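In: here is the input, now give the coordinates:
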Amino acid sequence: MYNIDLQKISSLISQKLDRTVELVGIEKIGSGYHSDGFKLTAKDGHSFFLKRIKSHDLGFEIPERKVMSLLISNGMYRRSGFQPQSVGVILENKDEAGIIPEVNEETAIYHVQEFQSDSVSYWSLLQEKKRKAKVDEKDLAELEKITDYIIAIHQVKHASQDLERLKSVYNDGLRSVLTSPELTVMLLHDFSDTHQLLPAGEHGNYVGLMLNLIHKWKDRCDRLVALHGDFWGANLFFKKDGSIWVIDYSRIPWGDRGVDIGWWLSQYLWFYHETQNEYFKELGEKFLDMYVEKSGDKEIRQTVSLVLGLMGIIYISPRFYPDLNMEIGKRFFDNILEILRGHQFVWKK
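Out: Now for the predicted structure:
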């Protein structure tokens, strides 16, 4: 009933409590926007409460975020010390199910992935290119591999066929540029009232420019793709054989491809203003042209603006660059402001 396997849940609760629990009854006792609540009755007369998140929007667009919400709820129960207590958070797939171990302040959390040796980051390569005058064949070969890699990610489409859900997931990607715990709002906290480029008193106006872009592109789920979410040179590596590999998929799993492309493009924009070398403008233009040709995306020069407000903050951040050269920072930041106001990527002298 209710597509809830009582036998499977009985087994999991029994393992967690180290005693036999046989669930024999289920009753729906409440329904909110985000979740449904059920009373589960055991053969010995004990009862349990089951919360099942059902929403696909307003904060729960991504399944991993549903898990996070329930883990927070579980932790709140346990911290209170009151009865009834929480048993745990159950994850169930078609062929497997389990209760997630408890998470607390002493929990160590890891993510492990494969690593490729004999590699150099693209960020390091860019540092070495500062004295170059023209884009050459080696540069173009690198750009082609980079473009092919990110396009392969962007070709992954969301599984849902529901238009409203797709709009919601797309809009979540837009909002995440501002609201991800690691991104815009968090970074703004580091800027004082006396910061030379972005004093605290100007944050509202700056975020307003970013919000205007979010409103402009809202609901454009025809542009929804899988993202890397932190696509820049320090996360992309070239091996000795010329192949590439990438680390640190994070922050924004689904959204507008402009998020990834703007993130990547910001490197060239920064080096352009740092060195005042036209080479980096040419490199950025070649990358954009190659991406448009291979992806067919004719709107990318506009949608990269969605993330460049964030990148403007990152490159002048007191946290990341406490010794920032303010003359260079001002050239770069003025360029970002022009992009945000015009909703279009441009290079400004």
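In: check which helix or strand covers residue 319.
Out: Under DSSP states H and E, no helix or strand contains residue 319.
In: neighbours around it, how many?
Out: A count of nearby residues for residue 319, using other C-beta atoms under 10 Å, gives 11. C-beta here means a position set from N, CA and C on the backbone, and glycine is covered the same way.
In: check what pLDDT it gets.
Out: Looking at residue 319, its pLDDT reads 93.
In: distance of it relative to residue 340?
Out: Remark: distance between residue 319 and residue 340 (C-beta to C-beta, to the nearest Å) = 21 Å.
In: before we move on, what about residue 199?
Out: Per C-beta to C-beta, residue 199 is found 17 Å from residue 340.
In: same question, residue 131
Out: Remark: distance between residue 131 and residue 340 (C-beta to C-beta) = 31 Å.
In: residues contacting residue 211?
Out: The contact partners of residue 211, by C-beta atoms under 8 Å, 6 or more residues apart in numbering, come to residue 178.
In: can you map out the strands along this structure?
Out: For the chain, applying DSSP state E gives strands covering 23-31, 35-42, 47-53, 90-92, 97-99, 119-121, 224-226, 236-239, 244-246, 254-256.
In: can you redo those as JSON lines with mean neighbour count?
Out: Output for these, formatted as JSON lines (neighbours: other C-beta atoms under 10 Å):
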{"stretch": "strand 23-31", "mean neighbour count": "14"}
{"stretch": "strand 35-42", "mean neighbour count": "16"}
{"stretch": "strand 47-53", "mean neighbour count": "16"}
{"stretch": "strand 90-92", "mean neighbour count": "15"}
{"stretch": "strand 97-99", "mean neighbour count": "15"}
{"stretch": "strand 119-121", "mean neighbour count": "14"}
{"stretch": "strand 224-226", "mean neighbour count": "20"}
{"stretch": "strand 236-239", "mean neighbour count": "20"}
{"stretch": "strand 244-246", "mean neighbour count": "16"}
{"stretch": "strand 254-256", "mean neighbour count": "26"}
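In: can you put those strands in TSV and add distance to residue 64 and mean pLDDT?
Out: Formatted as TSV, the strands of the chain follow (distance: least, C-beta to C-beta, whole Å; pLDDT from 0 to 100):
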stretch	distance to residue 64	mean pLDDT
strand 23-31	23	96
strand 35-42	16	96
strand 47-53	12	95
strand 90-92	11	95
strand 97-99	16	95
strand 119-121	27	95
strand 224-226	14	97
strand 236-239	24	96
strand 244-246	20	95
strand 254-256	11	97
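In: dump these into CSV; add distance to residue 147 as well.
Out: Shown next, in CSV, are the strands of the chain (distance: least, C-beta to C-beta, whole Å):
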stretch, distance to residue 147
strand 23-31, 47
strand 35-42, 42
strand 47-53, 38
strand 90-92, 37
strand 97-99, 40
strand 119-121, 17
strand 224-226, 14
strand 236-239, 12
strand 244-246, 11
strand 254-256, 17
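In: so which of these is nearest residue 154?
Out: strand 224-226 (4.3 Å; C-beta to C-beta).
In: need the contact partners of the closest one.
Out: Against strand 224-226 from outside (C-beta under 8 Å, 6+ apart): 153-158, 166, 169-170, 173, 253-257.
In: ok, the residues you listed vs residue 63, which is closest?
Out: Among these, residue 253 lies closest to residue 63 (C-beta to C-beta), at 9.7 Å.
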